[in-house]
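**Q** Below: sequence and its predicted model.
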Amino acid sequence: MKKMKYIFLMFLLPFIGFSQNPNFKIEDKTIIWQWVYNDSLDLANIKQNLKLEFLTDTTGKLKRTNFNDKNLREQIAEFKIEEKQGRYRVTVFNIKIIPMQVSFDLGGISSMPDDLVSFEDIMIKNNGTMKAKLMGFDITEALNKHYLDLFTIKKRTNEDW
């Protein structure tokens with residue numbers, strides 16, 4: 001029976017702590033999300049996304065959003081887009097979480113937290129690795145889905161009535 005427990009634990013150990021989405025990486029103590037789209041870059045199409053604010057042709061900010069996902073807090077971030085031979089790479093960085101606005105009243109003194117929380121502060125462990133889950137929820141998996149969709153070029157359908 002002990003051998004079965006040992007084998008079972010040996011099978012599970014590689015998955016514990018490494019289940020965060022692989023598109024999230026730590027580079028120079030900063031968490032980035034990066035994906036290469038195998039499609040030609042159509043900036044005009046991407047610029048139509050109202051959740052993005054372009055500062056230059058290929059850089060900008062992710063506007064305050066939680067992607068209508070009840071499991072995510074609102075956030076802002078920066079992004080850059082690079083193009084290379086019929087494909088483009090998007091990098092999202094400087095991700096900031098907007099804390100829940102809860103009022104604390106301590107004897108007539110009210111306080112509303114308004115400081116942004118860096119993604120690194122909540123997701124990087126003391127040993128420099130990324131947490132797999134935050135309070136039992138895999139935030140990287142949820143964000144990956146939303147980031148992929150955010151920068152995917154939407155194909156226009158020609159509806160000729």
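**A** Yes, it's here.
**Q** So residue 146: helix, strand or coil?
**A** Assigned with DSSP: H, G, I helix; E, B strand; the rest coil, residue 146 falls in the helix class.
**Q** State the distance from it to residue 84.
**A** For residue 146, the distance to residue 84 equals 24 Å [CB to CB, to the nearest Å]. For every residue, glycine as well, the C-beta is placed using N, CA and C.
**Q** Mind checking which of these two has more residues around it?
**A** residue 146 (18 against 9; other CB atoms under 10 Å).
**Q** what's the closest non-adjacent residue to that one?
**A** Nearest residue to residue 146 in three dimensions, chain neighbours excluded: residue 67, at 4.1 Å (CB to CB, 6 or more residues apart in numbering).
**Q** quick one: what helix or strand has the one you found in it?
**A** Following DSSP states H and E, there is no helix or strand that holds residue 67.
**Q** count of neighbours near it?
**A** Residues lying near residue 67 (other CB under 10 Å) number 17.
**Q** Check residue 30 too.
**A** By other CB under 10 Å, 14 other residues sit near residue 30.
**Q** ok, now residue 27?
**A** As a burial measure, residue 27 scores 10 neighbours (other CB under 10 Å).
**Q** what's the spacing between it and residue 155?
**A** 32 Å.
**Q** One more: residue 61?
**A** Going from residue 61 to residue 155 by CB to CB gives 25 Å.
**Q** ditto for residue 60
**A** 22 Å.
**Q** Give me the three-state assignment for the residue nearest to the spatial centre of the chain.
**A** Most central in the chain under CA atoms, centre = their mean is residue 143, positioned 4.1 Å from the mean C-alpha point. Three-state assignment for residue 143 (three-state DSSP): helix.
**Q** ditto for residue 21
**A** coil.
**Q** What of residue 44?
**A** At residue 44 the chain is in helix, as set by three-state DSSP.
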